[in-house]
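S.K.: Next comes the sequence, and after it the predicted model I'd like to discuss.
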Amino acid sequence: MKKYKQTEIRSVYPIDTPSCNKMMYESETEARAAILHLKEVAGIKNLSCYTCMKCGFYHLTRSYDSN
């Protein structure tokens, strides 16, 4: 599998909404590619992506088992 590389790094400042401090992904496809990369390279498990209600971009989150 080829190495994940973010398509473009840029600053986005939404108008009239608070900005987020998390890494922003422009599409769900880009966020899922980052998840696959983090699983392979860093061994991070239980990652998923979600659409942020503040900025409208995608962020990654980790879910933990309650067991």
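M.R.: Alright, I've got the coordinates. Numbers count the residues shown, from 1 in each chain.

S.K.: buried set for the helix or strand hosting R32?
M.R.: Using DSSP states H and E, R32 maps to helix 28-42. For helix 28-42, the neighbour count (16 or more other Cβ atoms under 10 Å) marks E30, A31, R32, A33, A34, I35, H37, L38 as buried. Yep, even glycine has a C-beta here, placed from its N, CA and C like the rest.

S.K.: Run through the neighbouring helices and strands of it.
M.R.: Applying 3 or more Cβ pairs under 8 Å, 6 or more residues apart in numbering; DSSP states H and E, we find helix 28-42 packed against strand 47-51, strand 58-62.

S.K.: ok, and what's touching the first one?
M.R.: In this structure, residues lying in contact with strand 47-51 by Cβ atoms under 8 Å, 6 or more residues apart in numbering are 25, 28, 31-32, 35, 38-39, 57-63.

S.K.: Would you list the strands that it pairs with, along with their directions?
M.R.: strand 58-62 (antiparallel) (DSSP bridges).

S.K.: pLDDT averaged over the strand it pairs with, what's the number?
M.R.: On average, the pLDDT along strand 58-62 is 92.
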